[in-house]
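**Q** Fold the following, please.
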Amino acid sequence: MPPERRLSYPWVGIQWIQDRYEKTFNLNQIGRTEDLYYGRAVLLHVGWSSPQVGADRDALTLCYRTQPSETRSSNIGGDSAPTARI
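**A** As a prediction, the model looks like this:
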């Protein structure tokens, strides 16, 4: 079992959303107009974890997410190896 860790950190982020919708009617057989989203969205967060804000180690924290399909995040620093999530 991996050791417990506590990563408390302030972070900043930026998000971009493409405005691309298509209007359809009666797609799910409910007799209404439906808006389908076909655009792309990108989100990026960067944070710094430190014992000064309640964490148990110093670490750089990155999170990158795209829609419709991809999420990646990493914690770099302290005594832990970088991790990625897809």
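**Q** ok, and the residue positioned nearest the centre of the chain, which helix or strand is that part of?
**A** With distances taken as CA atoms, centre = their mean, the residue of the chain nearest its centroid is residue 65 (4.4 Å). Using DSSP states H and E, residue 65 falls within strand 59-67.
**Q** Need the mean per-residue confidence for that strand.
**A** The average pLDDT for strand 59-67 rounds to 88.
**Q** List the beta-bridge partners for the residue nearest to the centre of the chain.
**A** residue 43, residue 71 (DSSP bridges).
**Q** residue furthest from the geometric center of the protein?
**A** Relative to the centre of the chain, the most outlying C-alpha is that of residue 31, 34.7 Å out, by CA atoms, centre = their mean.
**Q** would it count as being in a strand?
**A** No. Checked against DSSP: H, G, I helix; E, B strand; the rest coil, residue 31 lies outside a strand; its state is coil.
**Q** Residue 52 - that's part of a helix, no?
**A** Yes. Applying three-state DSSP, one finds residue 52 inside a helix.
**Q** what pLDDT does it get?
**A** In this prediction, residue 52 carries a pLDDT score of 93.
**Q** For it, give its distance to residue 22.
**A** Distance of residue 52 to residue 22, given as CB to CB, to the nearest Å: 48 Å. For the C-beta atoms, the positions are set from N, CA and C on the backbone; glycine is no exception.
**Q** Check which helices and strands the helix or strand hosting residue 23 sits against.
**A** Residue 23 belongs to strand 21-25 when assigned by DSSP H and E. Counting contacts by 3 or more CB pairs under 8 Å, 6 or more residues apart in numbering; DSSP states H and E, strand 21-25 packs against strand 33-37.
**Q** tell me the mean pLDDT over the strand it packs on?
**A** Taken as a whole, strand 33-37 has a mean pLDDT of 80.
**Q** and if you look at stretch 3-17?
**A** pLDDT averaged over stretch 3-17 gives 90.
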